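[1] Starting from these lines, generate the structure:
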Amino acid sequence: MPSTPAEWLPILTQRLDERQPRIALNRRYSNGDAPMPEMGRNTKASWFAFQKKARTDLGGLACASLSGRMVPNGVRVGGSSDGASIEAARRVWRDNRLDVVFADAIWEMLSVSVGYLITGVREGDPIITSEKAEQVITAGDPAQPWRARAALKAWRDLDEERDYALVWVPGVRQRFSRSSKTATGTLYGTSYGEEWREDGLPETYDGPVPVFALDNFNGVAEFEPHIDVIDRINLGKLQRLVVTAMQAFKQRAMKGGLPQTDADGNDINWAHVLEPAPGAMWDLPEGIDIWESEAIDIRPLLEGEKTDARDFSAVMRVPLDVFVPSGENQSAEGAANAHKGEIQKAKDRTARASAPMEGAIVAALRILGLEDGSTVQVLWQPPEHISFGEKTLAATQAIASGLSKRWVAQNIMGLSPEEIAEEEAEQRRNNVSQLLSTIRPTEPPTAVAEVAAARGEG
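    Okay, here's the model as predicted:
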């Protein structure tokens, strides 16, 4: 098995190139640029507008709905709420804006099947970034795929006209580079090749490979097994748009044959005579009749589109109201089941994303010299409750059942550890204020302090 960055470079660049078409296709389906529905080869250019209008961003909507239930909410180190490690982890979270970085990595995981996190160092401080699957790939451990044996990041610097590649193996990182152009002056279209050269000596670091893969369920994008359904919906929409357009511009014909010359033998410009205009009256020769195509009922096409949306909603376990406004034609029981299905998916995807995200924070603590073996846990907002009303109702019921306010604040209201600490401090200040309001003005100030101290509120 390869062990050095130079040995891993050709292996990883080839793997990166091989999956590019699939990643590119998933990217198109998740950002609203799905392949256009097919039409005839001889279709006029004006009809390409219908093809573009027929595309719906079903893949992107499905990913957005699921990612909306996967919201990182802070970090916990060990079992304590304070200490050097937890303070450092919270500082790393703040300085790297990990709520945004992790959200980007989650989107990559859902929309193209895999996202990446890289923990590096800049001027002594840890840097955690979200990376795209077009530029990064890992060779995962078979037992723990999110833990990498080796990793590659390849990119192109347009200003320097050079390609660069960073390769990690445990404890060692090395950079390689090449010209962006071939000997004939064309740009390289792939990463694999023998043109790479070492760009500096290997660098050492502590710990395992600091590149972490967020692999989605079964290694596919959320919508990828159902791309055929999306294509069918887009084709149906295209057909409806075409039929509607033909209905709007009805076919008309003259029955009887128009004369080409008038009584004086002059040519008749029928395009001018029959010029369409509001209020225009046509004086047609005797015996000429006008035929017009009959109206076409497009309601079956509309119903078919809704049926396809329901099918896609069912196979994706996404609420129908994500695709059809107000959840049309869906029963209350069906809507509840769809929400339950999406919640279960969110919990599964959250569990898959947690380990690599926690690994990135552990690597950051290692850079700071504060990694002491304590368990690092990324906290999440509860996926079951989205609106504030749902959260408060669930919180009231949970407290009535005997659960602690801190547990409710974290697991139902979705407050971060910092927000919980701030809220508890504010509650203590309110209690002291209420206590002071009950003390008679004639009592000396020391009495107020004594009472507060006795209650543990001073």
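
[2] quick one: the helices in the chain?
    With helices called from DSSP state H, the chain shows them at 5-18, 20-30, 48-53, 58-67, 84-95, 98-112, 227-248, 270-273, 299-316, 332-367, 388-400, 405-411, 417-438, 445-454.

[3] what's the closest of these to residue 168?
    helix 5-18 (7.3 Å; Cβ to Cβ). No exception for glycine: its C-beta is placed from N, CA and C like everyone else's.

[4] report the angle between the axes of the closest one and helix 20-30?
    50 degrees (axes from the mean of the first three to the mean of the last three Cα atoms, to 10 degrees).

[5] what does the average pLDDT come to for stretch 194-205?
    Summarised as a single mean, pLDDT over stretch 194-205 is 93.

[6] Run through who's touching it.
    Applying Cβ atoms under 8 Å, 6 or more residues apart in numbering, the contact partners of stretch 194-205 are 4-6, 9-10, 13, 164-165, 171-179, 188.

[7] And those residues, which of them are buried?
    5, 9, 13, 164-165, 172-178 (16 or more other Cβ atoms under 10 Å).

[8] farthest-separated two in the residues you listed?
    Across these, the longest distance by Cβ to Cβ is 20.5 Å; it joins 172 and 178.

[9] Count the neighbours of the closest residue to residue 353 other than its chain neighbours for me.
    Using Cβ to Cβ, 6 or more residues apart in numbering and skipping the chain neighbours, the partner closest in space to residue 353 is residue 214 (5.1 Å). Neighbour count for residue 214, taken as other Cβ atoms under 10 Å: 26.

[10] Give the buried residues for stretch 135-153.
    Buried, per 16+ other Cβ under 10 Å, within stretch 135-153: 136-140, 145-153.

[11] And it, end to end?
    5 Å (Cα to Cα, to the nearest Å).

[12] quick check: mean pLDDT across it?
    90.

[13] same deal with stretch 106-115?
    96.

[14] any idea how far residue 281 is from residue 358?
    As judged by Cβ to Cβ, to the nearest Å, residue 281 and residue 358 stand 79 Å apart.

[15] more neighbours, those two?
    Set residue 281 next to residue 358 and count neighbours by other Cβ under 10 Å: residue 358 wins out with 19 against 5.

[16] wait, what's in contact with the nearest residue to the more buried one once chain neighbours are set aside?
    With sequence-adjacent residues excluded and distances taken as Cβ to Cβ, 6+ apart, residue 358 is closest to residue 376, at 4.8 Å. Contacts for residue 376 (Cβ under 8 Å, 6+ apart) come out as 75-77, 89, 358, 361-362, 365.

[17] partner residues bridging residue 211?
    Residue 211 has these beta-bridge partners by DSSP bridges: residue 118.

[18] Return the residues in contact with it.
    If a contact means Cβ under 8 Å, 6+ apart, then residue 211 has 116-118, 136, 138, 148, 151, 153, 168 as its contacts.
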